[in-house]
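Visitor: sequence and predicted model, in that order:
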Amino acid sequence: MKKFLILFTLFILFGSCKKKEDEVDILVTIYPFKLIIDELSQQQLNIDVLLPQSVDPHTYELVPSDLIKAQQSELFIYCDKNLDGWAAKLEAKNKIQLSDYLPDSLKLTITDPILENHNHSHNHNHTHFDPHFWTDPVTVKAMIDNIVNLLIKHFPEKRIEFIENAEKFKDKLDELNSLVYQKTKLIENKNIFSSHPFYNYFFKRYEFKIVGFLEVSPGQVLSPKEMKEIMDLVKENNVKAIFTNKQHSDRTTKILAESLGIKYYDLDPMGGTDELYDYASIVNHNLKIIEHALK
């Protein structure tokens with residue numbers, strides 16, 4: 001901790017010397033938020049991303065430069081305490097938890113499939129808010145007006161552009177939703193299993209049956225008995241494919257798939273690469289993988 005404070009002090013000194021043009025209007029923790037806000041901004045704002053594309057936001061560890069970036073941005077936007085809760089600890093003048101802008105009616109919860117199958121006392125709560133809301137185009141559309149109001153509050157001179165761009169983005173999301181719906185309704189066996197509930201908003205929107213997942217949060221350790229119960233669950237539900245998160249280490253999931261003789265496929269919920277350069281490209285990329293896996 002002492003070493004961290006020393007490094008932080010040095011970064012503060014160097015950070016105060018940075019040129020104003022290096023500062024960003026909005027700093028977000030993960031790429032999907034940049035891609036969504038890019039649609040609303042259309043280069044009107046300078047938006048930067050804190051985490052590298054390959055990093056899992058659940059397990060990311062802060063470095064002193066993160067504090068500087070957060071403090072120098074007009075807005076610092078993170079997802080939720082259940083995804084990138086470490087970001088809530090950063091000092092920033094305008095720190096926003098984006099999950100607060102999600103309508104309550106669209107919020108999903110996660111229930112541990114193992115605990116759900118056990119006879120536990122009703123006094124125990126084994127559900128958690130699912131923070132992966134950006135994976136569903138319909139949910140994203142429902143958040144747009146709230147996000148636009150946030151942007152207008154901090155950048156009022158760009159109000160007209162934000163509103164116009166928001167309407168165009170809503171149209172794109174409608175088209176994307178229609179495309180995904182048409183393609184997913186042709187899939188016959190929609191029973192799926194995943195390493196972690198990172199794509200549940202998408203799966204539930206398009207009527208897949210989520211049989212379960214290996215862990216509620218990264219790093220969860222399962223007993224041999226629990227692993228056996230999961231294997232039985234997968235077999236009983238005739239699961240054709242297991243989906244893993246590209247940014248998350250899921251060696252156990254791959255071992256599970258191999259033990260059951262089921263193929264596993266990596267989905268990328270984050271994007272940020274040359275191929276996944278906007279919100280629609282992320283959704284379409286994962287849709288193609290899901291179609292291939294379940295054909």
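Guide: Received the coordinates, thanks.

Visitor: which other helices and strands contact the helix ranked longest in the chain?
Guide: As assigned by DSSP state H, the longest helix anywhere in the chain is helix 159-184. Secondary-structure packing of helix 159-184 (3 or more Cβ pairs under 8 Å, 6 or more residues apart in numbering; DSSP states H and E): helix 31-41, helix 137-154, helix 279-294. For the C-beta atoms, the positions are set from N, CA and C on the backbone; glycine is no exception.

Visitor: just send the ones you listed back as CSV, with distance to N238, mean pLDDT and mean neighbour count too.
Guide: Below are the helices and strands packed on helix 159-184 laid out as CSV (distance: least, Cβ to Cβ, whole Å; pLDDT from 0 to 100; neighbours: other Cβ atoms under 10 Å):
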stretch, distance to N238, mean pLDDT, mean neighbour count
helix 31-41, 32, 97, 22
helix 137-154, 28, 98, 18
helix 279-294, 11, 97, 18
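
Visitor: residues of the longest helix of the chain that come out buried?
Guide: E161, F162, N165, A166, F169, K170, L173, L176, N177, V180, T184 (16 or more other Cβ atoms under 10 Å).

Visitor: mind listing what D80 touches?
Guide: Applying Cβ atoms under 8 Å, 6 or more residues apart in numbering, we find D80 in contact with Q97, L98, S99, F129, P131.

Visitor: if we can go back for a sec, check the offset of the helix or strand that the longest helix of the chain is followed by from the chain's centre.
Guide: For helix 159-184, the succeeding helix or strand toward the C-terminus, using DSSP states H and E, is strand 191-194. Between the centre of strand 191-194 and the centre of its host chain there is 18 Å, according to Cα atoms, centre = their mean, to the nearest Å.

Visitor: can you list the strands that strand 191-194 pairs with?
Guide: strand 209-213 (parallel), strand 241-245 (parallel) (DSSP bridges).

Visitor: quick one: average pLDDT of it?
Guide: Taken as a whole, strand 191-194 has an average pLDDT of 94.
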